[in-house]
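[1] predicted structure and sequence below. I'll ask about it afterward.
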Amino acid sequence: MKKSEHCNAAEMLKSSGLSRTAQRLSVLNVLLKEEKPLNAKEVLDLCHDKAPDTRKMNRVTVYRIMESFRNGGIVRELPTESGIKYFEIACRHNPVHPHFYCRDCGAMACLGPLTATDIWEWFAMPHAFRIDHISVNITGLCKKCSNK
């Protein structure tokens, strides 16, 4: 079930002490509908596609909104080695979990909860990802980029 079926954007803003603006609601609704983390450009493009009244909104506005959301506990920021920041909803319907970031194509994917045993099994067997770095998130090459 999608987060948008559980969480209400207006209520999330209210409980975080943020005012309810059309731009914030648009950004929050985009994040609630997505099943993967998004960067500011992706959020902006989806806002423009879904809400034509956001055409005046630019990437700087999205970053400012994301910063207020992060400070309000609405989103988690997922930095990458390339400097691109991804964002995802931080609600009880989307608990903290690891992510895989492809350093070549920039794709970000959610991974299921991993135990230390799971991680060692990933190293021991051939996998769709070539893992380069592990912290809270995993960086490497996705299957498509590995096959180039």
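    Yes, it's here.

[2] now do the residue of the chain positioned farthest from its centre, the pLDDT please.
    Relative to the centre of the chain, the most outlying C-alpha is that of A124, 28.3 Å out, by C-alpha atoms, centre = their mean. Confidence at A124, expressed as pLDDT, is 71.

[3] how far away is it from A109?
    Using C-beta to C-beta, to the nearest Å, we find A124 at a distance of 21 Å from A109. The C-beta positions use only the backbone N, C-alpha and C, and glycine is treated the same way.

[4] let me know whether R59 touches K41 as I believe.
    Yes - look at R59 against K41 with C-beta atoms under 8 Å: they come within range, at 6.3 Å.

[5] quickly list the domain ranges of this protein.
    According to automatic domain parsing, the chain comprises the domains 3-89, 99-146.

[6] lowest average confidence across the ones you listed, which one?
    domain 99-146 - the lowest mean pLDDT of the domains of the chain, at a mean of 76.

[7] ok, back up a step: return the most buried member of the domains of the chain.
    Of those, the one with the most neighbours on average (mean count of other C-beta atoms under 10 Å) is domain 3-89, at a mean of 17.

[8] and the spatially most central residue of the chain, how far is that from T21?
    With distances taken as C-alpha atoms, centre = their mean, P37 lies nearest the centre of the chain, 1.9 Å away. Distance from P37 to T21, counting by C-beta to C-beta: 23 Å.
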